[in-house]
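Chemist: what follows is a predicted protein model with its sequence.
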Amino acid sequence: MNHQIDAQPYPLVFDPARTALLIIDMQRDFIEPGGFGAMLGNDVTQLTRAIAPIRSLLTAFRQRGLMVIHTREGHRPDLSDAPPSKLARGGGPMRIGDAGPMGRILVRGEPGHDIIPEVYPLPGEPVIDKPGKGSFCQTDLELILGLRGIRTLIVCGVTTEVCVHTTVREANDRGYECLVPDDATASYFPEFHQMALRMVQAQGGIFGWVSDSARVLAALPPVSQAAAA
Ligand code: TIU
């Protein structure tokens, strides 16, 4: 059954059963001091604003039995999947793979690579480990979405102009309809956040739609109706 989210540049019509909440990289390495985000010289406190809205969406999707997918950016411990160009970036004394206060930076299995407790995945919720910024590059995300018949993605997480934006662009080119809730995404640079969301909705929705968590929540079916569907 179709529902409608109040969004820009125009309302998004969607079928909840064919919609997934895609939560991008809510990892300690980006959100807490001492991780990859801080290593790049960023003020990580800028990202905390997205936690509560994401948690609301996550709770609502879980209550209705709708699909939830989490992603994590990171690399194998031997860094064999990390391009030398990526390893060389950053400019500071620390590099991906170096030991920091939350373990080796951006390495799978390390404490900093894990998702923050507030939005931690439940068993049965797919977690996509991705080596790059986009969630489709060298992952099985498209296979998982296809098997569930997903056509619409509510994309939230961090950071707006990097991994969220790259994922929305990749998804849009693959035919998925993407909506980004403004308050459920965040950037180390508020002005980049704003511009990134303007880019999504510009030109008649060149990459997708922009809305906010309250409007997404208002458009979801009642819990009982979703459970019965
Ligand atoms: N640096 C930055 O803004 N973001 C990333 O490196 N990865 C993600 O956005 N997840």
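Modeler: Looks like it arrived, so ask away. Numbers count the residues shown, from 1 in each chain.

Chemist: does Ala202 sit in a helix, a strand or a coil?
Modeler: Three-state assignment for Ala202 (DSSP: H, G, I helix; E, B strand; the rest coil): helix.

Chemist: list the contacts for the residue most central in space within the chain?
Modeler: Of all residues in the chain, the one closest to the mean position by Cα atoms, centre = their mean is Ile24, 1.9 Å from it. Neighbouring residues of Ile24 by Cβ atoms under 8 Å, 6 or more residues apart in numbering: 71, 135, 155-158, 163-164, 167. Every C-beta, even on glycine, is put in place using the N, C-alpha and C of the backbone.

Chemist: in JSON lines, list those residues along with neighbour count and pLDDT.
Modeler: As requested, these are arranged in JSON lines below (neighbours: other Cβ atoms under 10 Å; pLDDT from 0 to 100):
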{"residue": "Thr71", "neighbour count": "26", "pLDDT": "99"}
{"residue": "Ser135", "neighbour count": "27", "pLDDT": "99"}
{"residue": "Val155", "neighbour count": "27", "pLDDT": "99"}
{"residue": "Cys156", "neighbour count": "28", "pLDDT": "98"}
{"residue": "Gly157", "neighbour count": "28", "pLDDT": "99"}
{"residue": "Val158", "neighbour count": "28", "pLDDT": "98"}
{"residue": "Cys163", "neighbour count": "23", "pLDDT": "98"}
{"residue": "Val164", "neighbour count": "32", "pLDDT": "99"}
{"residue": "Thr167", "neighbour count": "29", "pLDDT": "99"}
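
Chemist: ok, those vs the ligand, which is closest?
Modeler: For these, the closest approach to the ligand (Cβ to the nearest ligand atom) belongs to Cys163, at 3.2 Å.
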